[in-house]
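Engineer: build the 3D model from these lines:
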Amino acid sequence: MFNVWWVALFALVHICLVIVRSRRRVAALRQRELNLLLQVSERTEQLKAANEHLLRLAGIEHEKERAQQESTHAFELAALNRRAIETLALAIEAKDQTTGDHLQRVEVYALEIAKDVGLDLVQQEALRTAALLHDIGKLAVPEYIISKPGRLTPAEFEKMKVHTVVGAEIVELIDFPGPVAAIVRGHHEKWNGSGYPDGLSGDQIPIGARILAAVDCLDALCTDRQYRRGLPSAEAIAIVQSEAGKSFDPEVVKVLARRYAELELMARSAGSAEKMKLSTDIKIVRGERPAAGFEVTAPLAATRSDLVSLNGSLTHDHSHQALDNLKLSIESWEERAEIFALLRHSLPEVVPYDFMALYLKQGDRLVPETYDGNPWRAFASVDIPMGTGLSGWVAENGKPSVVSNK
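Structural biologist: As a prediction, this is how the structure comes out:
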């Protein structure tokens, strides 16, 4: 009996131990399951975060690529805009061939002065554009006025003044950013209010126009023109300084006087690159006459001395044809005496004159060869240095010029 109880007790203890061990195993399994679930959850969150990061990176790359495309597009538009401006400047120089690289030099001067006086980037870019296009209104001015080597008559000056207004109207149509039109319109205004077209004075004149007026004058004084040689820089800046407070903003003149030598070197460096020239001097041999035929015009009146009327008459097809015929006839002769005789006979039909002198180039001077009319003695001993005066400029540049004595 006693043994049975011990067996039963032993069995019961064994069963209890089994139950405890089973419960421990179940608990361990549950804990392991929970740990696995936690690990899966953590990994899931990590994968989700990694996926979101990858998506953000992909978005960043897309935005970066888009920004690069927009930057490239903006650069191409800026380059196209720049080429368009330079093309318009080329058209201006084709009309006003006395300026040479004047526009490019003025651009360098104006932009550097703008930086010095603290203009923002928008104003600087507007001034750069205006510097190249400030004379675009001259496309509306008759060519004989633009290329006239002497002083303008009051009537001619009235026509010349229009270029400021026309130029502003042209650039307004292009809708440049910044005050380009205002600068173009105001670049002939004067500090004391005596300029044109609006008679603005002092700070009423846009700062870009004040800068452009001063640098435009300085470069014009330093540049060779039909009627004079360019002045040395020191003399030119002295003239500009004498106009401070009258024609020009005194503060702008101070900066220009301090930096003109440096700016001259910069302008020379910037202008050293080869620049395209339009084929304005070529002769087209094909095409005998317009479809409507030539205009029938009367010869020039011998008493006509007004330059406006003379230029208008010279532009008639009849006069052009007569000049072309005269040129062909001259090319067929070789002897100077024969050429001069032909000129004496034929030229009065196209351009009436009281006196004509034929000069020949000898070295760097023009020497009188023969004459027709009076006062020939006044010209008999006059040698003209190449590039000096009207005749010297015409000979050096190979371009004709019509001048009125009225």
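Engineer: for Ile237, which non-adjacent residue is closest in space?
Structural biologist: Leaving aside its chain neighbours, Ile237 sits nearest to Tyr260 (5.0 Å; criterion: C-beta to C-beta, 6 or more residues apart in numbering). Using the backbone N, CA and C atoms, a C-beta is placed for each residue, glycine as well.
Engineer: and that neighbour, how many neighbours?
Structural biologist: Counted by other C-beta atoms under 10 Å, the residues lying close to Tyr260 total 20.
Engineer: hey, C-alpha coordinates of the helix or strand hosting it in CSV?
Structural biologist: Applying DSSP states H and E as the criterion places Tyr260 in helix 250-270. Output in CSV follows, covering the C-alpha atoms of helix 250-270 (Å, rounded to 0.1, in the frame of the first residue of the first chain):
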residue,chain,number,x,y,z
PRO,A,250,29.0,114.9,-61.6
GLU,A,251,29.2,111.6,-59.7
VAL,A,252,29.3,109.6,-62.9
VAL,A,253,32.1,111.8,-64.3
LYS,A,254,34.1,111.3,-61.1
VAL,A,255,34.0,107.5,-61.5
LEU,A,256,34.8,107.8,-65.2
ALA,A,257,37.7,110.2,-64.6
ARG,A,258,39.2,107.8,-62.1
ARG,A,259,38.9,104.7,-64.2
TYR,A,260,39.0,105.8,-67.9
ALA,A,261,42.5,104.5,-68.5
GLU,A,262,41.7,101.1,-67.1
LEU,A,263,38.4,101.0,-69.0
GLU,A,264,40.2,101.9,-72.3
LEU,A,265,42.4,98.9,-71.9
MET,A,266,39.4,96.7,-71.1
ALA,A,267,37.6,97.9,-74.1
ARG,A,268,40.6,97.3,-76.4
SER,A,269,40.8,93.7,-75.0
ALA,A,270,37.1,93.1,-75.5
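Engineer: ok, residues contacting that helix?
Structural biologist: 104-105, 108-109, 112-113, 116-117, 191, 210-211, 214-215, 218-219, 222, 233, 237, 240-241, 243-244 (C-beta atoms under 8 Å, 6 or more residues apart in numbering).
Engineer: out of the residues you listed, which end up buried?
Structural biologist: Those of the contacts of helix 250-270 that meet the buried threshold are 104-105, 108-109, 112-113, 116, 191, 210-211, 214-215, 218-219, 222, 233, 237, 240-241, 243-244, by 16 or more other C-beta atoms under 10 Å.
Engineer: pull the residues that contact stretch 182-199.
Structural biologist: Outside stretch 182-199, the residues that touch it by C-beta under 8 Å, 6+ apart are 126-127, 130, 133-134, 136-137, 161, 164-165, 167-168, 171, 200-202, 205-206, 208-210, 212-213, 216, 244-250.
Engineer: likewise stretch 171-180?
Structural biologist: Val122, Gln123, Glu125, Ala126, Thr129, Ala130, Leu133, Ile136, Ala181, Val184, Pro206, Gly208.
Engineer: how far away from the center of its chain is the helix holding Tyr260?
Structural biologist: Put simply, helix 250-270 sits 19 Å off its chain's centre (C-alpha atoms, centre = their mean, to the nearest Å).
Engineer: so Leu360, which of the three states?
Structural biologist: strand (DSSP: H, G, I helix; E, B strand; the rest coil).
Engineer: excluding chain neighbours, what is closest to it?
Structural biologist: Glu369 (4.8 Å).
Engineer: what's the helix or strand harbouring that neighbour packed up against?
Structural biologist: For Glu369, the host element (DSSP H and E) is strand 365-373. Packing partners of strand 365-373 (3 or more C-beta pairs under 8 Å, 6 or more residues apart in numbering; DSSP states H and E): helix 336-350, strand 355-362, strand 384-385, helix 389-397.
Engineer: next, count neighbours for Gln204.
Structural biologist: 12.
Engineer: what strands line up against the strand holding Glu369, and which way round?
Structural biologist: Strand pairing for strand 365-373, determined by DSSP bridges: strand 355-362 (antiparallel), strand 384-385 (antiparallel).
Engineer: next, the buried residues of that strand.
Structural biologist: Residues Leu366, Pro368, Thr370, Tyr371, Asp372 are the ones in strand 365-373 that count as buried (16+ other C-beta under 10 Å).
Engineer: got the angle for that strand vs helix 336-350?
Structural biologist: 60 degrees (axes from the mean of the first three to the mean of the last three C-alpha atoms, to 10 degrees).
Engineer: what's strand 365-373 in contact with?
Structural biologist: Here strand 365-373 has contacts from 336-337, 340, 343-344, 353-361, 379-386, 391-392, 395, using C-beta under 8 Å, 6+ apart.
Engineer: between helix 389-397 and that strand, find me the angle.
Structural biologist: If you take the same axes, to 10 degrees, strand 365-373 sits at 120 degrees to helix 389-397.
Engineer: if we can go back for a sec, could the contacts of stretch 171-180 go into TSV alongside neighbour count?
Structural biologist: Below are the contacts of stretch 171-180 laid out as TSV (neighbours: other C-beta atoms under 10 Å):
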residue	neighbour count
Val122	11
Gln123	19
Glu125	19
Ala126	25
Thr129	25
Ala130	33
Leu133	27
Ile136	25
Ala181	22
Val184	33
Pro206	23
Gly208	29
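Engineer: ok, of the residues you listed, which one's closest to Ser279?
Structural biologist: Taking C-beta to C-beta as the measure, Ser279 sits nearest to Ile136 out of the contacts of stretch 171-180, at 20.6 Å.
Engineer: and the gap between the closest residue to the closest one other than its chain neighbours and Lys64?
Structural biologist: The spatial neighbour of Ile136 that comes closest, neighbours along the chain excluded (C-beta to C-beta, 6+ apart), is Gly167 at 4.7 Å. As judged by C-beta to C-beta, to the nearest Å, Gly167 and Lys64 stand 43 Å apart.
Engineer: what about these two, which has more around it?
Structural biologist: The neighbour comparison of Gly167 against Lys64 (other C-beta under 10 Å) goes to Gly167, with 26 against 10.
Engineer: and that one, which helix or strand is it part of?
Structural biologist: helix 154-174.
Engineer: show me what the mean pLDDT comes to for that helix.
Structural biologist: For helix 154-174, the per-residue pLDDT values average out at 92.
Engineer: give me the buried positions along that helix.
Structural biologist: Glu156, Lys159, Met160, Lys161, His163, Thr164, Val165, Val166, Gly167, Ala168, Ile170, Val171.
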